[in-house]
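In: Need a 3D model of the following:
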Amino acid sequence: MAGAEARLGPGLYFVATPIGAARDITLRTLDILGQAEVLAAEDTRSLRHLMEIHGVALGGRPLLAYHDHNGAAMRPRILRALEEGRSVAYASEAGTPLVADPGYQLARAAIGAGHKVISAPGPSAVLAALTVSGLPTDRFLFAGFPPAAAGARKRFWAELAAVPATLVIYESPKRISRTLIELCESLGALRQAAVCRELTKRFEEVSRGTLAELAEAFAARDVKGEIVLVVDRAGEVVPEAGALEAALREALGRASVKDAAAEVAAALGLPRREVYQAALKLGEAE
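Out: Coordinates of the predicted model:
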């Protein structure tokens, strides 16, 4: 391969692969895939297809499947290859290894055994979504996939509600509508967000707005494709002067102090404790 680097030294190479557009692959990744003595992948079919697109021959080299279901059994085999002084390249199904990917335990095992671990950076759905979201990028938290069970999801959202960083969440297209509704209740309906769908692919789409606007927009949609949800940090929404008092007066006219405070806090994206104290003061004044 023209411009290829010198022969790879022994070690475990984590290579990032395209999340959509095949041409997003880096030249260094192609070099590593072309030279590594052993290849491992979360999805061997995806890696084989990617190599075929770019004219990288597998030859007689082993291509090992390494994923959540066989990691414990496959790690010893990969570690043996490293002990023999061989170069091993590992690729996620798409994107950067170890980000919502089973490579973490492999990295830990290799590091623990004293082997060299090298990163060949490249495509990442997290960074791509942050780039197009229009939301702050100076501090962000990748929260991964939310749990499926209702109770676990409620705790998950509660933990994220006050995080002073932009939130990046992976979600299934089947659950994105449910997630947006839950986030309106947990984080506040007025918090800004972006639903990034099919990034770098043919039907790429980025929908921006408040959580309430996005929840309404996705309520009746049949959504398909990979989704990254980006949500603005806590404390960015500042209601207009008098908005809190007006909202509380209206809610207190039909609900208890506790329920009114919870409703208004969610609607304005404000801390529940702060709104509850304001509701108590308003009641005392009257």
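
In: tell me the contacts of residue 156?
Out: Residue 156 makes contact with 143, 146-147, according to C-beta atoms under 8 Å, 6 or more residues apart in numbering. All C-beta spots, glycine's among them, are computed from the backbone N, C-alpha and C.

In: Among the residues you listed, name the buried ones.
Out: Buried members of the contacts of residue 156, scored by 16 or more other C-beta atoms under 10 Å, are 143, 146.

In: domain assignment for the protein?
Out: With automatic domain parsing as the criterion, the domains of the chain are listed as 11-123, 126-231, 243-285.

In: can you list the ones you listed in TSV and add mean pLDDT?
Out: Putting the domains of the chain into TSV (pLDDT from 0 to 100) gives the following:
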stretch	mean pLDDT
domain 11-123	96
domain 126-231	95
domain 243-285	81
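
In: for this protein, what spans make up the strands?
Out: For the chain, the strands defined by DSSP state E occupy 11-15, 38-41, 63-65, 87-91, 117-120, 140-144, 166-171, 192-197, 205-210, 227-231.

In: Which neighbouring elements make contact with the third one?
Out: In terms of contacts (3 or more C-beta pairs under 8 Å, 6 or more residues apart in numbering; DSSP states H and E), strand 63-65 is packed against strand 38-41, helix 44-53, helix 71-83.

In: And for that strand, what's in contact with it?
Out: Around strand 63-65, the neighbours that count as contacts under C-beta under 8 Å, 6+ apart are 38-44, 47-48, 74, 77-78.

In: Please apply the same query to the second one.
Out: Applying C-beta under 8 Å, 6+ apart, the set of residues contacting strand 38-41 from outside is 33, 47, 58, 61-66, 74, 78, 81, 86-93, 106.
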